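1. the following block contains a protein sequence and its predicted model.
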Amino acid sequence: MTLEQKILFHLSEAVKTIYQSTTETNQFNLQETRKEFEGQITVVTFPITRISKKSPEQTGEDLGNYLKANVDEIISFNVIKGFLNLVISDEYWFQQLKNEYLNPNYGIMPTSGKKVMVEYSSPNTNKPLHLGHIRNNLLGYSVAEILAANGNEVIKTNLVNDRGIHICKSMLAWQKFGNGETPESSGLKGDHLVGKYYVIFDKEYKKQQDELKAKGQSEEEAKKNAALIQEAQQMLQAWEAGDEAVITLWKTMNSWVYAGFEQTYSKLGVDFQKFYYESDTYLLGKDIIDEGLSKGIFFKKPDGSVWIDLTTEGLDEKLVLRADGTSVYITQDLGTAQLKYNDFGMEESIYVVGNEQDYHFKVLFLILEKLGKSWAKGLYHLSYGMVDLPTGKMKSREGTVVDADDLIDEMVATAKQRTEELGKVDGFSEEEKANLYQMIGLGALKYFLLKVEPKKRLLFDPNESIDFQGNTGPFVQYTHARICSVLAKAAFNGNEQFNFPGQLSDTERDLIVMLSQYLQILQNAAKEHSPALVANYVYELSKLYNKFYHEEPILKLEDENLKTFRLALSKSTAAVINKAMALLGILVPERM
RNA sequence: GCCUCCAUAGCUCAGCUGGAUAGAGCAACGGUUUUCUAAACCGUGGGUCACAGGUUCGAAUCCUGUUGGGGGUACCA
C-alpha cells in the first residue's frame, strides 16, 4: 500500500468516525502541496464540508488530527483555508529513496500481459521523409516505449504506402526525364532521388496543364487531359495487371527508397518489428464488404457501389466500395485492421496518424464496431497536429518542405559547433566526439518535437534554430552528464552504506518527492498517449537537480554519511533522467 | 453550410480527473565561478488565460454562444 492509499484509507475512516458518514474514498482529492506552504501532500477539504457541516478550516483541523494520530509518516499538519497540508517525515522520504528509487529496477513495471500494437511512420515511397514524418516517427516510437515501460508487450509496425498513382508519378518522371540516373550515378540518397522525380513530374504536369488552358480548356479539363497524368494512370493499370516492365521499375525504385529510409530511421533511432505493404494489402477488405452486406450494415446503390449510412451517428453516408468493385482507402483499412488482428491478436491497436485523418478513423472504428468486431474497442487513433512553416503547409510536390535528413544533419552540425565553442571535448576521441554531437543534436530535435502536446499543431521556423539552452534536450543531457561527473569523481558505485542524516534540506526533500512521482507520470503518459508528460517531468526534475547542485556541496563534504546520501540521491536522479529520456528516444551522455 | 481541433506573457510552451497569489524557457535587464562541468544557478520586468454568459463554496480547466485560426466533408491516400 502506498502512502497515498494509506492516507486515503484513513481519511475515509476519519470521516466515518468523526462525522458518522459512509462516504467512499473517491470523494477525496489528494494533491501535491504548493511550494510556498509547508508539507508534501494536501487534502482539499471543501468537498468534505458538505458531510462535516463545519467550516473548511475546522474540517481540516479534525481530519488533520485524526490522520496525524493514525498515520505514522505524518508528523504534523497545517490548515490554510480549505487546504489541509500534511507534513510527511523526512525519515519516510529517506527510506523511499534508499529502498525504492535507488533500486535499478525503479520505473520498470511488472508485465501486464497486454499486447499493444503501435503503427507509425507509414511513409509513401515516392519522396523522402520530412519534418512532419519526424514528428510522427518520434511520437510513435516514444508512445511504444512508454507502453512497454508500463509492462505491455508492444509491436511496432509500419504500413508502407508503396503503390498508387503517386508512386507512378515518380516512376513515370524518372522514365521520361531520368536518363537512367541511379543513386550510385548521382550520388543522391535513394529516397531523395525518387523524390526529385516526383517534383519533376508535378512541374511538367503543371506545364502541360497551362498549355491546355491556353488552348481554351478549363482548369478541370486540363487536369484530366494532360498527357502525363493519363500516362501515369495507364502505368497504374499496368502495375495492377502485373506488367513485368512496370513491376521491375517499381521494385527498383522502391529498393532505392527503402535504402534511403533505412538510413533515416537508423539516424532517428526508430525501429519496427513488422512491416506491412499496401501492395500486399490493397485488395483486402472485400470480404469484409460482403460480411457487412450480409449483416445488413452496408447497402448497395443501384450503380453497384456499396455504402454505410452513419447519419444516425451524426456522420454522413460513406462509400466503402466503388461501383466498379474496386476498393477505396477505407476498404483497405478495414481489411488491414482485420489482418493485423489475425496476425497478433492484440488488445489495443494504436494508429499514429495526423489529425487530417480524424474523420477517416472515426468512421473506420465505427464501422468495425458495427460489424461486431470484439477488438474494435481497442482501436485508438493517436492524432497529432501538423508541423507548419511560417509560410504555411509543407508540400512535397512543391518542394516546400523541411527535409528530415537535412534537418538532422543541421542539428548535429550545430551541436558540434556549440560544443567546440564551449571547449568541452578535451580528451575525446574522434569517434566519441561524433557520437556526442549526434546525441546532442538529435536530443535537441527530439525534445523540441516531443515536449509539445501531440494534438497541438507545431510551428517550425527554419530561420530560428532550435535551442540548446533552457527547456531543451541538451539541458537535460547536461544535467545527466554533470551527475555522472560527480559520481565518477567520488568513485560511487551505489552499494555504499549510509544512514538517515537526521534531516533533509528543502531541496533534498523536493528532489526525493519528485523522484517518487515518476511512476505516476509513466502511467499517465501511457493513459494519455503523451510523451509530452514525460518530457516536461524530466525537465522539471533536471531543473530541481541543478538547484540542488548549486545549493548543496557533495564532494567537499567531510561528513561521509551525508556525502554518500547525496551521491545516492544524485545517482537515483541520473537513473530516472536516463530512463525517462530513453522513453523519448533520447540518449544521455556521461560527459558533455 | 455541416463536423472537428485549437486560442494562456513579445515569442515557444506547461498547467493532472475544477482548488490556494496562473508557471517555465527564449528574448530584455541585473547578479553568481581563486570551479563537485556557467549548455548551470539566483533575481527584475512582462498576463483582461480570445470574448460574453452560465454551473459551482471555488473556473484557464466544465456547459452554451460569439470571434479568430487549422483540418475534414462521400468513389484521393
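-> Yep, that arrived.
2. where exactly do the helices run in the stretch 51-200 of chain A?
-> With DSSP state H, counting those that start in this stretch as the criterion, the stretch 51-200 of chain A has helices at A:56-70, A:90-96, A:131-149, A:165-177, A:183-186, A:190-214.
3. now do the buried residues in the longest one.
-> The neighbour-count criterion (16 or more other Cβ atoms under 10 Å) identifies A:190-202, A:204-206, A:208-209, A:212 as the buried residues of helix A:190-214. For every residue, glycine as well, the C-beta is placed using N, CA and C.
4. show me what that helix is packed up against.
-> helix A:165-177, helix A:183-186, helix A:219-225, helix A:227-240, helix A:244-268 (3 or more Cβ pairs under 8 Å, 6 or more residues apart in numbering; DSSP states H and E).
5. could you report the neighbour count for A:Ser374?
-> With neighbours defined by other Cβ atoms under 10 Å, the count for A:Ser374 comes to 9.
6. quick check, pLDDT for it.
-> On pLDDT, A:Ser374 comes in at 93.
7. shaky segments in the stretch 401-550 of chain A?
-> Regions of the stretch 401-550 of chain A meeting the criterion pLDDT under 70 are absent.
8. can you name the residues of the stretch 101-250 of chain A sitting close to RNA strand B?
-> A:Asn124, A:Asn161, A:Gly164, A:Ile165 (Cβ under 7 Å from any atom of the strand).
9. isn't the last one right up against A:Gln233?
-> Yes - the pair A:Ile165 and A:Gln233 qualifies as a contact (Cβ atoms under 8 Å) at a distance of 6.7 Å.
10. what's the closest residue to RNA strand B within the stretch 451-592 of chain A sitting at in phi/psi?
-> Nearest residue of the stretch 451-592 of chain A to RNA strand B, counting by Cβ to the nearest atom of the strand: A:Gly470, 2.1 Å away. For A:Gly470, the backbone dihedrals (degrees, to the nearest 10) come out as phi 80, psi -140.
11. who touches it in this structure?
-> Contacts of A:Gly470 were listed using Cβ atoms under 8 Å, 6 or more residues apart in numbering, and none were found.
12. and stretch A:363-378, what's buried?
-> A:Val363, A:Leu364, A:Phe365, A:Leu366, A:Ile367, A:Leu368, A:Lys370, A:Leu371, A:Lys373, A:Trp375, A:Ala376, A:Gly378.
13. still on that earlier bit, most neighbours out of the residues of the stretch 101-250 of chain A next to RNA strand B, which is it?
-> Of those, A:Asn124 is surrounded by the most neighbours, 20 neighbours in total, counting by other Cβ under 10 Å.
14. beta-bridge partners for that one, please?
-> Counting by DSSP bridges, A:Asn124 is bridged to A:Asn161.
15. I'd say it and A:Leu159 touch.
-> No - the pair A:Asn124 / A:Leu159 is not scored as a contact, 11.0 Å apart, by Cβ under 8 Å.
16. coming back round to it: which residues do A:Ile165 and A:Gln233 both contact?
-> Going by Cβ under 8 Å, 6+ apart, no residue sits against A:Ile165 while also sitting against A:Gln233.
17. would stretch A:564-584 count as contacting RNA strand B?
-> No - contact of stretch A:564-584 with RNA strand B (Cβ under 7 Å from any atom of the strand) is absent, the minimum separation being 7.7 Å.
18. gap between that stretch and the chain center?
-> Distance of stretch A:564-584 from the chain centroid (Cα atoms, centre = their mean, to the nearest Å) equals 22 Å.
19. CA-only coordinates of stretch A:338-356 in CSV, if you can.
-> Below are the C-alpha coordinates for stretch A:338-356, written out as CSV (Å, rounded to 0.1, in the frame of the first residue of the first chain):
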residue,chain,number,x,y,z
GLN,A,338,-8.6,-7.5,-39.6
LEU,A,339,-5.2,-8.8,-40.9
LYS,A,340,-3.3,-7.1,-38.1
TYR,A,341,-5.7,-8.6,-35.6
ASN,A,342,-5.4,-12.1,-37.1
ASP,A,343,-1.6,-11.8,-37.1
PHE,A,344,-1.2,-10.6,-33.5
GLY,A,345,-4.4,-10.7,-31.6
MET,A,346,-3.6,-7.6,-29.7
GLU,A,347,-5.9,-6.0,-27.1
GLU,A,348,-5.1,-2.5,-28.2
SER,A,349,-4.0,-1.0,-31.5
ILE,A,350,-2.8,2.5,-31.9
TYR,A,351,-2.6,4.3,-35.2
VAL,A,352,-0.2,7.3,-35.2
VAL,A,353,-1.6,9.4,-38.0
GLY,A,354,-2.0,13.2,-38.5
ASN,A,355,-5.3,14.9,-37.5
GLU,A,356,-6.2,15.5,-41.1
